[in-house]
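S.K.: what would the 3D arrangement of this be:
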Amino acid sequence: MINIKKFNFLGGRIIKTGIAVFLTALICQSIDWPYMLAVITAIVTIEPTAADSIKKAFIRFPSSAIGAAFAMLYTFLLGVTPLTYMLVAVSTIISCSKLRLHAGTLVATLTGVAMLTIVHDHYFISFLIRLATTSIGLLTSSLVNIIVLPPNYTPIITRKIQNLSKQMSSVLQQRGSELSQVHACHKQTKLQFQQISAEIEKIETLCEYQRKEWKFHHFTRPAMRKSHYEYKKLSLMRQLVYHIGNLI
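M.R.: Okay, the predicted model is just below:
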């Protein structure tokens, strides 16, 4: 019998991206504006947390303006040529880097390059329309990320901590056996320890995501107490990993 779980691949972020793209395209179509750039912006704006979406939206908007401005400038001077594509991409990347708009570099470059094939006159009006469509994509994605399927990372954190405790117990037992027999640390033991260290970093990232979600969504007091309890366990595990590292 086919395992239906294999096809359960629609995560919350994928669903939210689809909704944001649909709404963005629908809004732009209703006011008869081109929506390709707005859709691109909506796709890259969905972040793991609502806080990240809003924070990066303020970076991506000026970045998109930079990309659009370079597209208008080089199209006016050189027309649409291979050299124009290169100049728009390079100029946009350099400008975003100099202005420390790193989170907006991708969407800015895509905006600039995509505009080259759809703008041939009325450059200033086209520039304003592209900024407006980009704003629609940013705003729609941010609202969707806040309202639709707000994430709860605590169950994932709990499950990962349980698995991590088993791995740490195994490594500690294995290293203890090696020490009692006066053996050097085996390669497999070191590999397992490295995997544990990497897993702790991932769990800490999820904990940071959960803390950010508390700013935008209401969580019950028991749920917050459970999250704090998991954070304390993770802190103790971090200390234990430090001592296991000394043994290794």
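
S.K.: tell me the domain boundaries of this structure?
M.R.: 4-147, 154-247 (automatic domain parsing).

S.K.: out of all of them, which helix in this structure is the longest?
M.R.: Criterion DSSP state H: the longest helix present in the chain is helix 50-78.

S.K.: mind checking how far that helix is from the chain centre?
M.R.: 18 Å (C-alpha atoms, centre = their mean, to the nearest Å).

S.K.: just the buried positions in that helix, please.
M.R.: By neighbour count on 16 or more other C-beta atoms under 10 Å, the buried set for helix 50-78 is 50-54, 56-57, 59-75. (Glycine included, C-beta is placed from N, CA and C.)

S.K.: also stretch 167-174?
M.R.: 168, 171-172, 174.

S.K.: and the two most separated of those?
M.R.: By the measure C-beta to C-beta, 168 and 174 form the most distant pair in those, at 10.7 Å.

S.K.: tell me the spatial nearest neighbour of the residue nearest the centre of the chain, not counting adjacent residues.
M.R.: Centroid check for the chain by C-alpha atoms, centre = their mean gives residue 47 as the closest residue, at 4.3 Å. Take residue 47 and drop its neighbours on the chain: the residue closest to it by C-beta to C-beta, 6 or more residues apart in numbering is residue 53, 4.4 Å away.

S.K.: contacting residues for that neighbour?
M.R.: Residue 53 sits next to 45-47, 141-142, 145-146 when contact means C-beta atoms under 8 Å, 6 or more residues apart in numbering.

S.K.: got JSON lines for those, with distance to residue 123 and pLDDT too?
M.R.: JSON lines is the format used below for the contacts of residue 53 (distance: C-beta to C-beta, whole Å; pLDDT from 0 to 100):
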{"residue": "45", "distance to residue 123": "26", "pLDDT": "82"}
{"residue": "46", "distance to residue 123": "31", "pLDDT": "83"}
{"residue": "47", "distance to residue 123": "32", "pLDDT": "82"}
{"residue": "141", "distance to residue 123": "27", "pLDDT": "88"}
{"residue": "142", "distance to residue 123": "29", "pLDDT": "86"}
{"residue": "145", "distance to residue 123": "33", "pLDDT": "85"}
{"residue": "146", "distance to residue 123": "35", "pLDDT": "83"}
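
S.K.: in helices only, show me the residues you listed.
M.R.: Of the contacts of residue 53, the ones assigned to helices by DSSP H are 45, 141-142, 145-146.

S.K.: surely residue 87 and residue 70 touch.
M.R.: Yes: if you go by C-beta atoms under 8 Å, residue 87 and residue 70 touch, sitting 7.4 Å apart.

S.K.: circling back: which of the contacts of residue 53 sits closest to residue 190?
M.R.: Among the contacts of residue 53, and counting by C-beta to C-beta, the member closest to residue 190 is residue 47, at 34.7 Å.

S.K.: model confidence over whichever strand or helix holds residue 192, on average?
M.R.: Element membership for residue 192 (DSSP states H and E) is helix 187-213. In this model, helix 187-213 has a mean pLDDT of 88.
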